[in-house]
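Visitor: Give the three-dimensional model of this entry:
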Amino acid sequence: ARLCDLYIAPSAMEHVPFYRTQILYRLPQLRWLDFSPVHAEEKVEAAVAYGADVEEKREIWMDTVGHPESFVDRRKVTEQVIKQLEASVATGFAPAV
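Guide: Alright, predicted model coming up:
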């Protein structure tokens, strides 16, 4: 049996930045999360936030341009940003993102 429905709310987890993104990345089989259906778009956003397509884009860049140092990862939300936001919640300081 696979976990399909997960109810965390109400809890402190709700206040963690991008908690849905993190959970959906780690548990992509979920259908419901905290009284809300999980949409395919959210699952794609979670995968992209954790770099699911970055290597493919880097390979295309290398095939086209050929200079790895000029490749730029332009994701707005990355695992690094999520970690910075979590740290800011823990310390009470806003990160420079």
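Visitor: Buried residues, the least confident helix or strand in the chain by mean pLDDT. List them.
Guide: When each helix and strand of the chain is scored by mean pLDDT, DSSP states H and E, helix 79-91 comes last, with a mean of 77. Buried residues in helix 79-91, counted by 16 or more other C-beta atoms under 10 Å: 81-82, 84-86. C-beta here means a position set from N, CA and C on the backbone, and glycine is covered the same way.
Visitor: any idea where the strands of this structure begin and end?
Guide: Under the criterion DSSP state E, strands of the chain are mapped to 5-6, 32-33, 36-37.
Visitor: how close does the nearest residue to residue 65 once chain neighbours are set aside get to residue 78?
Guide: The shortest distance from residue 65 to any non-neighbouring residue, by C-beta to C-beta, 6 or more residues apart in numbering, is to residue 71 (7.9 Å). To residue 78, residue 71 is 14 Å away according to C-beta to C-beta, to the nearest Å.
Visitor: okay, and for this protein, where does confidence drop off?
Guide: Low-confidence segments of the chain (pLDDT under 70): 68, 76, 92-97.
Visitor: hmm, 80 instead?
Guide: Within the chain, the segments meeting pLDDT under 80 span 1, 13-14, 17, 51-52, 66-82, 85-86, 88-97.
Visitor: which stretches of it form helices?
Guide: Taking DSSP state H as the test, the helices found in the chain are 19-26, 40-49, 54-64, 79-91.
Visitor: would TSV of these with distance to residue 2 be doable?
Guide: TSV is the format used below for the helices of the chain (distance: least, C-beta to C-beta, whole Å):
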stretch	distance to residue 2
helix 19-26	13
helix 40-49	15
helix 54-64	27
helix 79-91	24
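Visitor: Tell me which of those sits nearest to residue 34.
Guide: Closest of the helices of the chain to residue 34 is helix 19-26, at 7.7 Å (criterion: C-beta to C-beta).
Visitor: Show me which residues of the closest one are buried.
Guide: Buried residues in helix 19-26, counted by 16+ other C-beta under 10 Å: 19-25.
Visitor: How many residues are close by residue 55?
Guide: Residues lying near residue 55 (other C-beta atoms under 10 Å) number 9.
Visitor: How much space separates it from residue 62?
Guide: Look at residue 55 and residue 62: by C-beta to C-beta, they are 10 Å apart.
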